[in-house]
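Student: sequence-free structure coming up:
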């Protein structure tokens, strides 16, 4: 009688495999995409000096001229840089691949994920390092990981600052996972919710407590290790929280903390994304390139409030 181990030759499963993918990104949520026809162009900025909010004498005596008022119109520029990565599928890999392996699809997903990760890292870095953005750098007892801190009061102060600066109520609070984990278990937060919620609050419950339309909890991670070393996984958004206004949709005369200008008319592009494949005979394989043309730009820096080092 043959042994059990002899009646089956191991082969790759066709219905199960393992792949590490990043959780949902938020860059396109807080900086909504705007389709543009040209790689570089301008957009108008209305009344940066807020003349529309200045009280002016509108009384006119009989026969006299009315007081003349006006506003200034300026412009700013965007430039959609080319973000591209390539990978090669050798003929040997394609010929020997098991049914569960799809070399072309795997490469396109891999390259697309890496470009999206870079977009996330760039926006997180810009918010963390831009000294012109209003906010606070927290330390010691002010950090929301400290029992004596008051996150609710701090967020109310941030809301008031945004309203005063751009005359609109912020609607999006971003609590990176490390910050979110500390805030949702903060004694003061739990005390505020003791009669309205059971257990540890969710993002939706926190949004209701803070009177904010939504609380986003980004969990995207990056491998900070050098190639060849063991993975060093770190959260992309670190420990900086921020409050901002994101419009329901980009449009004319609309306040938006940030936008992502996407060149959708780039040759061969579909919605700003271009996937190309060509034969490289010298490498005996097919080259796959993924490209995206975009520019992440802070449009209204006064429509955000940043807490750097929100937790220890």
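Tutor: Perfect, thanks for sending it. This structure is a prediction, so every number in the text was calculated from the model and none was measured.
Student: ranges for the helices of this structure?
Tutor: Using DSSP state H, the helices of the chain run over residues 27-30, 91-96, 103-129, 151-166, 177-183, 187-192, 203-210.
Student: of those helices, which stretch is the most buried?
Tutor: helix 177-183 (a mean of 21; mean count of other C-beta atoms under 10 Å). Quick note: C-beta positions are derived from backbone N, CA and C, even for glycine.
Student: list of residues touching it?
Tutor: Residues from elsewhere that reach helix 177-183 (C-beta atoms under 8 Å, 6 or more residues apart in numbering): 144-145, 151, 175, 189, 203, 206, 215, 217-219, 235, 237-241, 310-311.
Student: of all the helices of the chain, which one is nearest residue 135?
Tutor: Among these, the nearest to residue 135 by C-beta to C-beta is helix 151-166 (7.5 Å).
Student: just the strands in the protein please.
Tutor: Along the chain, the segments classed as strands by DSSP state E run 33-36, 40-46, 73-79, 81-90, 135-137, 172-174, 214-216, 221-223, 233-235, 241-244, 258-263, 273-280, 285-298, 304-308.
Student: could you identify which of these is most buried?
Tutor: It is strand 241-244: most buried of the strands of the chain by mean count of other C-beta under 10 Å, with a mean of 27.
Student: and it, what does it pack against?
Tutor: helix 151-166, strand 172-174, strand 304-308 (3 or more C-beta pairs under 8 Å, 6 or more residues apart in numbering; DSSP states H and E).
Student: what packs against the last one?
Tutor: When you say that, I think you mean strand 304-308. helix 103-129, strand 135-137, helix 151-166, strand 241-244.
Student: partners of that strand, with directions?
Tutor: Paired strands of strand 304-308, with direction, are strand 135-137 (parallel), strand 241-244 (antiparallel) (DSSP bridges).
Student: now that strand against strand 258-263, angle please.
Tutor: Per axes from the mean of the first three to the mean of the last three C-alpha atoms, to 10 degrees, the angle that strand 304-308 makes with strand 258-263 is 110 degrees.
Student: so strand 304-308 versus helix 103-129, what angle?
Tutor: On the basis of the same axes, to 10 degrees, strand 304-308 is oriented at 90 degrees to helix 103-129.
Student: same question, the longest one
Tutor: Following the same axes, to 10 degrees, one obtains 90 degrees for the angle between helix 151-166 and helix 103-129.
Student: hmm, who's touching helix 151-166?
Tutor: 134-136, 142, 144, 168-170, 173, 183, 186, 188-189, 192, 209-212, 243-245, 255, 300, 302-305, 307.
Student: so it versus helix 203-210, what angle?
Tutor: 70 degrees.
Student: same question for the last one.
Tutor: Computed by the same axes, to 10 degrees, the angle separating strand 304-308 from helix 203-210 equals 110 degrees.
Student: quick one: contacts of strand 304-308?
Tutor: 127-128, 133-138, 144, 154, 158-159, 161-162, 170, 240-245, 257-258, 298.
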